[in-house]
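[1] output the structure for:
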Amino acid sequence: MSTQHQLTLAKSLPPRLLRFFQKFPPSAVLQFTSSAPALQAPTAEPTESTPTSTNSPADPSAFPIESPTPALSSAYPRNLPPRAIAQSAPLPYHNPFLPRKSHTTGKWAPPVYGLRQQADLVKLATQHGVIDLLPWTSKKPEEKEMRRIENGLRVKGTGEGQKVKGKLWERTLKGRLEMRRKAMVEMPQLVQEWKQKGHGRGWKKWPSGKAKK
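    Predicted coordinates:
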């Protein structure tokens, strides 16, 4: 991707995405700026009046891009899949879509962007074709598909060995159909008995032999 194409793409992005990428630049952009020293602004020679600073916040090369290590897993929740930690660790900053644990207090801080904000950013990035530049988030389409494959539909009663409760008429339908089937099978015998007993005269309407009052 050429520089001119990148500038054209950046101009077409909505302001919300531009502000996000300004705060949290993608790793591809950081690697591109750190590997191209000719594009960086020339620095003045150090003098006695201008103090030198090796770790300037504006210099992207001041943030080393390290490979993911097992020690970084303690900064992420335990219920995260391994792919989330692997995709979030190489960034020089913490993933703003994930909570962060403070090593001094031991408490967890919420993510910078909530789930609704993450979903909105993913929708905007998908519309403009820059979804791959966003950090890992559970709202990405591929992550939703992976959860669908791993967990299924997660509808109560549809799992292995489970049964849907259903309505009362649905639960009793099988028994009522069986009663109707048996009544239809015994119907010829019942008609014959009815004829032999005088076409209903002295017919016992109830099993106990007593008419209902």
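
[2] so for the host helix or strand of residue 117, what gets flagged as buried?
    Remark: residue 117 resides in helix 115-127, with elements defined by DSSP states H and E. By neighbour count on 16 or more other C-beta atoms under 10 Å, the buried set for helix 115-127 is 117, 118, 121, 122, 124, 125. For every residue, glycine as well, the C-beta is placed using N, CA and C.

[3] same check on stretch 96-108?
    Across stretch 96-108, burial judged by 16+ other C-beta under 10 Å covers 96, 97, 98, 100.

[4] can you check stretch 178-198 too?
    For stretch 178-198, burial by neighbour count (16+ other C-beta under 10 Å) applies to no residue.

[5] mind listing the strands for this structure?
    Applying DSSP state E to the chain gives strands spanning 100-101, 108-109.

[6] any chance of CSV for those strands, columns mean pLDDT and distance to residue 138?
    Putting the strands of the chain into CSV (pLDDT from 0 to 100; distance: least, C-beta to C-beta, whole Å) gives the following:
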stretch, mean pLDDT, distance to residue 138
strand 100-101, 90, 16
strand 108-109, 92, 16
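
[7] redo those strands as TSV? Include distance to residue 199.
    Shown next, in TSV, are the strands of the chain (distance: least, C-beta to C-beta, whole Å):
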stretch	distance to residue 199
strand 100-101	88
strand 108-109	84
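
[8] any weak-confidence spans in the protein?
    For the chain, the stretches with pLDDT under 70 are 1-7, 28-76, 78, 85-91, 152, 158-160, 202-213.

[9] show me where it has its helices.
    Counting by DSSP state H, the chain has helices at residues 3-12, 15-23, 27-34, 82-88, 115-127, 141-151, 168-171, 173-185, 187-196.

[10] hang on, the earlier thing: now render the buried residues of helix 115-127 as a markdown table, adding distance to residue 181.
    Listed next are the buried residues of helix 115-127 as a markdown table, based on distance: C-beta to C-beta, whole Å:
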| residue | distance to residue 181 |
| --- | --- |
| 117 | 59 |
| 118 | 56 |
| 121 | 60 |
| 122 | 55 |
| 124 | 60 |
| 125 | 60 |
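
[11] from those, which two are the most distant?
    117 and 125 (12.4 Å; C-beta to C-beta).

[12] domain ranges for the chain, per the record?
    Using automatic domain parsing, the domains assigned to the chain come out as 11-34+64-164, 166-195.

[13] what's the span of the longest one from first residue to last?
    Looking back up the chat, that one is domain 11-34+64-164. Domain 11-34+64-164 stretches 53 Å from its first residue to its last (C-alpha to C-alpha, to the nearest Å).

[14] since that was my last question, I'll sign off now.
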